[in-house]
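Colleague: Would you be able to build a 3D model of this:
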Amino acid sequence: MLVDTHCHLDTAGFDPDRARVIARARAAGVLRQVVPAIDAAGWPKLKAVCSEDTGLHPAYGLHPMFLASHREVHLSELRRWLERERPVAVGECGLDHFVEGLDHDTQLQYFDAQLRLARDFDLPVIVHARLAVDAVLAAIRRIGGLRGVVHSFSGSRQQAEQLADNGFLLGLGGPVTYERARRLRSLAAEVPIEWLLLETDAPDQPDAMNRGQRNEPSRLTTVLQTIAALRGVAPEIVASATTANAERLFRLPEAPKP
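Modeller: Numbers count the residues shown, from 1 in each chain. Okay, the predicted model is just below:
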């Protein structure tokens, strides 16, 4: 039984065949998915999508890449959504220092506010940290009392250790399947298994065997097999450990029967 800890099943690209996508995931052994939000306008649809299947678990937040959509009032609305809906996490939120035109100070204001909400509600945080791991670490330390995951982690071993010391796991997905990703593959092979979560980021970040195609949760098995091969262990060992990590972090209810 696997948990896809980061997939955007609510996006419009899945509207025509979402039920079939979920069925393929279940057939592949991916019985639960965490579905993070990107902006306030999408929260109602995300809630509706997740209500259709007991294996879908929503998270609500404000993604830094969609900064132009965010307003300060959305933070107070987010507090109300967290209090009413009791999701498994706050997110997707974080910092993006790669995309041009995203004001760093404004990003940080939204990120800090969401970290405080996560702390207030005792929820984990799903963090986007593109070219911004050190800045994310600084914010995590400044707010304190947090736990969560840095999704699609691509940082250094030292940064991974610092995140682990501050209660954060590392989400690994399609990028680890590319042979050119040598640093990431070395990290996946060497860090304690207790630090790792599996994810697809569907419909984005397809694995090397599905390059250029729409990603979906059933492809999580390729990520699993890659990490198991890199670590020199049976896939069942990685599956069991990462599922336990996800259950512990997100306090997930029991998986639906396949």
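
Colleague: Point out where the protein drops to low pLDDT.
Modeller: Where the chain drops to pLDDT under 70, the residues are 258.

Colleague: just the helices in the stretch 101-250 of the chain please.
Modeller: 104-121, 133-143, 157-165, 182-190, 220-231, 235-250 (DSSP state H, counting those that start in this stretch).

Colleague: Out of those, which is the most enclosed?
Modeller: For these, the largest average neighbour count (mean count of other Cβ atoms under 10 Å) is found in helix 220-231, namely a mean of 20. Just so you know, the C-beta spots here come from the backbone N, C-alpha and C atoms, and that holds for glycine as well.

Colleague: So which other helices or strands are in contact with that helix?
Modeller: Packing partners of helix 220-231 (3 or more Cβ pairs under 8 Å, 6 or more residues apart in numbering; DSSP states H and E): strand 2-4, helix 182-190, strand 196-198, helix 235-250.

Colleague: Glu77: what's its closest spatial neighbour, skipping adjacent residues?
Modeller: In space, and not counting its chain neighbours, Glu77 is closest to Ala40: 5.9 Å by Cβ to Cβ, 6 or more residues apart in numbering.

Colleague: Would you convert the helices of the stretch 101-250 of the chain into TSV that also reports distance to Ala28?
Modeller: Formatted as TSV, the helices of the stretch 101-250 of the chain follow (distance: least, Cβ to Cβ, whole Å):
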stretch	distance to Ala28
helix 104-121	31
helix 133-143	31
helix 157-165	28
helix 182-190	20
helix 220-231	5
helix 235-250	11
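
Colleague: Just tell me which of the ones you listed ends up closest to Asp15.
Modeller: helix 220-231 (21.2 Å; Cβ to Cβ).

Colleague: quick one: contacts for the residue nearest to Glu77?
Modeller: Leu62, Ser69, His70, Arg71, His74, Glu77, Leu78 (Cβ atoms under 8 Å, 6 or more residues apart in numbering).

Colleague: And it, how far from Thr11?
Modeller: 16 Å (Cβ to Cβ, to the nearest Å).

Colleague: for the closest residue to Thr221 other than its chain neighbours, what are its contacts?
Modeller: Excluding the flanking residues, the one nearest Thr221 by Cβ to Cβ, 6+ apart is Ala28, at 5.3 Å. Taking Cβ under 8 Å, 6+ apart, we find Ala28 in contact with Leu2, Pro217, Ser218, Leu220, Thr221.

Colleague: picking that back up, most neighbours out of the contacts of Ala40, which is it?
Modeller: Within these, most neighbours by other Cβ atoms under 10 Å means Leu62, with 28 neighbours.

Colleague: I'd assumed Gly94 was in contact with it.
Modeller: No: the criterion here is Cβ atoms under 8 Å, and Leu62 misses it with Gly94 at 9.7 Å.

Colleague: isn't Glu199 right next to His151, touching?
Modeller: Yes: Glu199 lies in contact with His151 (Cβ under 8 Å); the separation is 6.0 Å.

Colleague: And these two? Which one has more around it.
Modeller: Just comparing Glu199 and His151: by other Cβ under 10 Å the higher neighbour count belongs to Glu199, 28 against 25.

Colleague: If anything else comes up later, I'll come back, but that's it for now.
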